[in-house]
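Enquirer: please find the sequence and the predicted model below.
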Amino acid sequence: MLRAGREPAEDMKRRLVAACEEVGLEVDRAQMCLTRARDGRFIVVSASLNWWPHDAHMITLQTFVNLSGTAARVEIFCQAIGACHDPVGSFQSAPLMRGRKDVTVNQLVDDLQDTLLERAMVLRALARGEQPPFVFDDTVWDPPRPLV
């Protein structure tokens, strides 16, 4: 097994998990995958609030750490789906957050808090009958693109 860059990648994974926990999310999955084609490790951390009833995760973080230990910026993904909606129909139509794809580890907690706040505002707007897109300072929440 290739050990190069493993310790920095493990450290990054721990930092992503800690950021999720700091904002009150429970981590559902934290994994790292060696990708020889890109010479590094892809890291994915998925988390949800403790009351989240769905199998799909509320928030997903991902980044890449190359074999020399240099990490890429973190990407945050989130979908605005409520707790009581039909999971299949809602996940196919709920707005997706775009825009937080260049997050540093130092600003990760703040950006996760902003994501949760925006998600709540999007859910309230949907409940009032408003339609996406919902535009914020750094993000846009759009409906998912149809599969072609």
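Expert: Alright, I've got the coordinates. All values derive from a computational prediction rather than experimental measurement.
Enquirer: what lies in contact with stretch 106-114?
Expert: 15-16, 19-20, 22-23, 25, 59, 61, 74, 76, 100, 103, 138 (Cβ atoms under 8 Å, 6 or more residues apart in numbering). Yep, even glycine has a C-beta here, placed from its N, CA and C like the rest.
Enquirer: do the same with stretch 29-36
Expert: 1-2, 9-10, 13, 16-17, 40-46, 57.
Enquirer: could you rerun that using 6 Å?
Expert: 9, 13, 17, 41-46 (Cβ atoms under 6 Å, 6 or more residues apart in numbering).
Enquirer: state the distance from the most centrally placed residue in the chain to Ile76.
Expert: For the chain, Thr60 is the residue whose C-alpha lies nearest the centre (Cα atoms, centre = their mean; 2.6 Å). For Thr60, the distance to Ile76 (Cβ to Cβ, to the nearest Å) stands at 8 Å.
Enquirer: three-state assignment of the residue nearest to the centre of the chain?
Expert: With DSSP: H, G, I helix; E, B strand; the rest coil as the basis, Thr60 sits in strand.
Enquirer: residues contacting it?
Expert: By Cβ under 6 Å, 6+ apart, the neighbours of Thr60 are 46, 77.
Enquirer: partners of whichever helix or strand Arg29 is part of, with directions?
Expert: Using DSSP states H and E, Arg29 sits within strand 26-35. According to DSSP bridges, strand 26-35 forms sheet pairs with strand 40-48 (antiparallel).
Enquirer: and the strand it pairs with, average pLDDT?
Expert: Here strand 40-48 scores 95 as its mean pLDDT.
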